[in-house]
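# 3D model of this:
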Amino acid sequence: MFVTPAYAQAAGAGGASALGSFLPLILIFAIMYFLLIRPQQKKMKQHQAMVAALRRGDQVVTAGGIVGKVVKVKEGGEVEIEIASGVKIRVIQSTISQVLNKTEPANDNK
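Model (predicted):
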């Protein structure tokens, strides 16, 4: 009885204004997804593919900056790298940041 017509009209339009207030938030999330999350996932997949394709003889760079040649790829995610003649180290496979030179696969059909 004491409700004025202006308050009654504003109460009816509450559903549309709620969607209007969430629209900028949804747009910001979509922009963040396409600018940050999606490229990061793509880069991570490329790194995993590179690490999975490691072979003996590949020249690699570790995350610590050590350059060496892959001697052995072990089970459990370890790689043995020769950094100097007779000096071999074991590193975790995921810490390899770059493959400098790929070796050609052995061709047994000669």
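# For the chain, which residues score under the pLDDT cut-off?
1-16, 105-110 (pLDDT under 70).
# and with 80 instead?
Scanning the chain for pLDDT under 80 picks out 1-19, 103-110.
# And the strands in this protein, which stretches?
For the chain, strands defined by DSSP state E occupy the ranges 59-62, 67-74, 78-84, 87-92, 96-101.
# For the chain, just list every one of the helices.
Ranges of helices in the chain, per DSSP state H, are 5-12, 14-32, 38-52.
# Switch those over to TSV; also include distance to Arg90 and mean neighbour count.
Every residue, glycine included, has its C-beta placed from N, CA and C. Putting these into TSV (distance: least, C-beta to C-beta, whole Å; neighbours: other C-beta atoms under 10 Å) gives the following:
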stretch	distance to Arg90	mean neighbour count
helix 5-12	69	9
helix 14-32	39	10
helix 38-52	15	11
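# List just the one of these that sits closest to Val60.
With C-beta to C-beta as the measure, helix 38-52 is the member of the helices of the chain nearest Val60 (9.5 Å).
# contacting residues around the closest one?
Gln93, Ser94, Ile96, Val99 (C-beta atoms under 8 Å, 6 or more residues apart in numbering).
# For Leu23, see how far away Val87 is.
60 Å (C-beta to C-beta, to the nearest Å).
# ok, and which of the strands of the chain has the densest surroundings?
strand 59-62 (a mean of 18; mean count of other C-beta atoms under 10 Å).
# From the contact counts, what lies against it?
strand 67-74, strand 78-84, strand 96-101 (3 or more C-beta pairs under 8 Å, 6 or more residues apart in numbering; DSSP states H and E).
# Tell me the spacing between Ile83 and Arg90.
For Ile83, the distance to Arg90 - C-beta to C-beta - is 11 Å.
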